[in-house]
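Asks: coordinates only, sequence not included:
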């Protein structure tokens with residue numbers, strides 16, 4: 001997936017244990033050019049949602065095992081901000097109140113009037129943040145890595161929510177670009193985006209600067225880098241300043257007002273709290289939505305894409321002919337450790353592009369710029385590669401049958417789905 005992705009249809013997950021209605025809803029929505037995934041149970045819907053990554057869920061309210069409210073609550077835990085429309089043939093006031101209090105976007109009664117249904121679908125998609133020109137969202141994130149793609153999809157869904165956001169990941173993985181993207185695709189996009197590095201705040205004067213930043217970000221977003229480096233006294237004072245998170249009846253959606261807080265941390269805040277090195281009160285204020293960006297060494301398939309992107313940028317900036325990496329030079333880049341992640345890769349590409357004499361950049365020049373930092377994969381990387389190969393082999397044997405593959409692996413179906421999602425393996429790629 002590149003920054004210039006092709007237009008895609010909105011994805012809608014439809015859940016109903018009535019086969020006739022499930023078929024009717026699927027036909028109606030597909031006739032409107034939506035991409036539809038029909039599922040007959042709430043439990044199956046949770047598994048499907050992890051792989052299908054819907055922009056909207058339409059679910060029956062009354063189903064066996066888990067009802068629509070139970071499904072709604074589980075979806076909210078995993079994908080806050082995902083819009084859910086609930087349906088029932090037993091349209092009563094208590095049902096409607098229970099559904100809306102739980103955070104349902106809309107509550108519709110059967111039999112469904114087609115125009116009303118489609119109008120609610122369009123409204124829900126607009127509210128959830130789906131836009132046809134979705135490539136704008138990922139301008140900063142050129143990727144074909146499934147883990148990062150899934151993270152970006154979830155972040156896109158919750159941009160409209162007003163919940164605080166915690167971004168973790170190594171330096172150079174793209175935390176600030178993601179924070180700016182969340183701001184730009186939220187209702188606060190016309191408000192200010194105020195960034196501040198907490199590692200530069202002194203205990204004596206930091207509170208005044210923090211208060212000034214919060215005032216300046218009114219109606220917009222305050223972005224606090226390295227919140228784990230905030231002095232202890234400022235942690236307590238900031239905890240008292242920030243409002244406690246209060247979920248709304250609309251699943252956390254917001255209208256501009258107040259301040260949205262997005263923070264980054266180089267370390268796990270929950271572990272710092274347990275070690276009494278970070279304020280538990282501040283952690284409670286910030287522990288809304290958490291996105292952990294993968295390091296570049298875990299998404300090596302993106303290195304050729306990113307390199308091409310940087311070479312395009314350099315050519316546009318300098319007005320000179322675009323240079324290319326030789327295949328051997330790309331191999332050198334793909335084998336490197338990249339402790340500085342995407343930021344370091346960009347610096348290396350810029351350096352070799354400026355030093356190259358000809359149109360093609362040689363591996364020797366890349367090695368010189370990198371200081372011979374190529375290496376063997378780490379144990380964790382080798383283990384992940386083995387697991388991905390093992391999962392692929394199982395799905396090849398079972399032709400994409402997840403239940404059968406899970407039995408062969410001696411794992412339950414839910415855990416097996418989680419493994420597939422974590423390692424970026426899709427069962428659909430193995431089906432006839």
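Replies: Happy to help now that I have it. Being a predicted model, the structure only gives us computed values, none of them experimental. Residues are numbered from 1 along each chain as shown.

Asks: and residue 294, backbone torsions?
Replies: Main-chain torsions, residue 294, degrees, to the nearest 10: phi -70, psi 150.

Asks: tell me the centre residue of this structure?
Replies: residue 151 (2.3 Å; CA atoms, centre = their mean).

Asks: from memory it sits against residue 291, does it?
Replies: Yes: taking CB atoms under 8 Å as the definition, residue 151 is a contact partner of residue 291 at 5.6 Å. Placement of C-beta: from N, CA and C, glycine included.

Asks: ok, back up a step: and the residue nearest to the centre of the chain, what does it touch?
Replies: By CB atoms under 8 Å, 6 or more residues apart in numbering, the contact set of residue 151 is 291-294.

Asks: which stretches of the stretch 1-150 of the chain have low pLDDT?
Replies: Along the stretch 1-150 of the chain, the parts satisfying pLDDT under 70 run over 1-8, 80-81, 90-93, 95-96, 100, 127-140.

Asks: strands along that one, start to end?
Replies: Along the stretch 1-150 of the chain, counting by DSSP state E, counting those that start in this stretch, strands occupy 11-15, 35-39, 56-60, 83-88, 106-109.

Asks: helix, strand or coil for the residue nearest to the centre of the chain?
Replies: Counting by DSSP: H, G, I helix; E, B strand; the rest coil, the backbone at residue 151 sits in helix.

Asks: what's the distance between it and residue 79?
Replies: The spacing between residue 151 and residue 79, counted by CB to CB, to the nearest Å, is 11 Å.

Asks: same check on residue 311?
Replies: Plainly put, residue 311 is 36 Å away from residue 79 if you go by CB to CB.

Asks: what are the contacting residues of stretch 329-339?
Replies: 170, 295-297, 300, 303-304, 307, 325, 344-345, 348, 352, 361-363, 365-367, 370, 373-375.

Asks: make it 7 Å
Replies: 296-297, 300, 303-304, 307, 344-345, 361-363, 366-367, 370, 373-375 (CB atoms under 7 Å, 6 or more residues apart in numbering).

Asks: restricted to helices, list those residues.
Replies: Using DSSP state H, the members of the contacts of stretch 329-339 that fall within helices are 303-304, 307, 344-345, 363, 366-367, 370.

Asks: look up how far residue 125 lies from residue 264.
Replies: Residue 264 is 30 Å from residue 125, by CB to CB.

Asks: out of these two, which sits in the more crowded spot?
Replies: Using other CB atoms under 10 Å as the criterion, residue 264 and residue 125 rank with residue 264 on top: 24 against 20.

Asks: secondary structure class for the more buried one?
Replies: strand.

Asks: so how far is residue 292 from it?
Replies: Applying CB to CB to residue 264 and residue 292 gives a distance of 11 Å.

Asks: hang on, the earlier thing: make CSV out of the strands of the stretch 1-150 of the chain and add distance to residue 427.
Replies: Below are the strands of the stretch 1-150 of the chain laid out as CSV (distance: least, CB to CB, whole Å):
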stretch, distance to residue 427
strand 11-15, 16
strand 35-39, 13
strand 56-60, 20
strand 83-88, 24
strand 106-109, 31
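
Asks: to residue 425, which of the ones you listed lies closest?
Replies: Proximity to residue 425 (CB to CB) singles out strand 35-39 among the strands of the stretch 1-150 of the chain, at 18.1 Å.

Asks: in that closest one, what counts as buried?
Replies: For strand 35-39, burial by neighbour count (16 or more other CB atoms under 10 Å) applies to 36-39.

Asks: show me which of those is closest to residue 121.
Replies: Comparing these against residue 121 with CB to CB places residue 36 closest, at 10.7 Å.

Asks: quick one: buried ones out of the contacts of stretch 329-339?
Replies: For the contacts of stretch 329-339, buried by 16+ other CB under 10 Å: 296-297, 300, 303-304, 307, 344-345, 361-363, 366-367, 370.

Asks: identify the farthest-apart pair in those.
Replies: 297 and 362, at 23.5 Å, using CB to CB across the buried ones among the contacts of stretch 329-339.

Asks: check which helix or strand residue 291 maps to.
Replies: strand 289-292 (DSSP states H and E).

Asks: what are the contacting residues of that strand?
Replies: If you take CB under 7 Å, 6+ apart as the criterion, strand 289-292 is touched by 80, 151, 155, 158, 163, 165-169, 178.

Asks: need the three-state assignment for residue 222.
Replies: The three-state label given to residue 222 by three-state DSSP is strand.

Asks: okay, and the beta partners of it?
Replies: When assigned by DSSP bridges, residue 222 has beta-bridge partners residue 194, residue 261.

Asks: so it touches residue 263, yeah?
Replies: No: counting by CB atoms under 7 Å, residue 222 stays clear of residue 263, with 8.8 Å between them.

Asks: which positions within the strand holding residue 291 qualify as buried?
Replies: 289, 291.

Asks: could you list the domains of this structure?
Replies: According to automatic domain parsing, the chain comprises the domains 11-128, 161-292, 299-370, 379-430.

Asks: who touches the strand or helix carrying residue 351?
Replies: Here residue 351, judged by DSSP H and E, is contained in helix 341-355. Contact partners of helix 341-355, identified using CB under 7 Å, 6+ apart, comprise 170-174, 295-296, 303, 306-307, 310-311, 314, 323, 338, 361, 365-366, 369-370.

Asks: how about the contacts made by residue 221?
Replies: If a contact means CB under 7 Å, 6+ apart, then residue 221 has 183, 188, 193, 260, 262 as its contacts.

Asks: can I get those residues in a markdown table including neighbour count, distance to residue 402 and pLDDT?
Replies: Listed next are those as a markdown table, based on neighbours: other CB atoms under 10 Å; distance: CB to CB, whole Å; pLDDT from 0 to 100:
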| residue | neighbour count | distance to residue 402 | pLDDT |
| --- | --- | --- | --- |
| 183 | 22 | 37 | 91 |
| 188 | 25 | 40 | 89 |
| 193 | 18 | 42 | 94 |
| 260 | 26 | 38 | 93 |
| 262 | 27 | 36 | 95 |
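
Asks: can you tell me which of the residues you listed is nearest residue 68?
Replies: Using CB to CB, residue 260 is the member of those that lies nearest residue 68, at 29.5 Å.

Asks: residues of stretch 32-48 that come out buried?
Replies: 34, 36-48.

Asks: now the residues you listed as CSV including distance to residue 269?
Replies: Listed next are the buried residues of stretch 32-48 as CSV, based on distance: CB to CB, whole Å:
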residue, distance to residue 269
34, 39
36, 39
37, 35
38, 40
39, 35
40, 40
41, 36
42, 32
43, 32
44, 34
45, 31
46, 27
47, 30
48, 32
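
Asks: pretty sure residue 155 sits against residue 180.
Replies: No: Residue 155 is not in contact with residue 180 according to CB under 7 Å; the separation is 11.5 Å.
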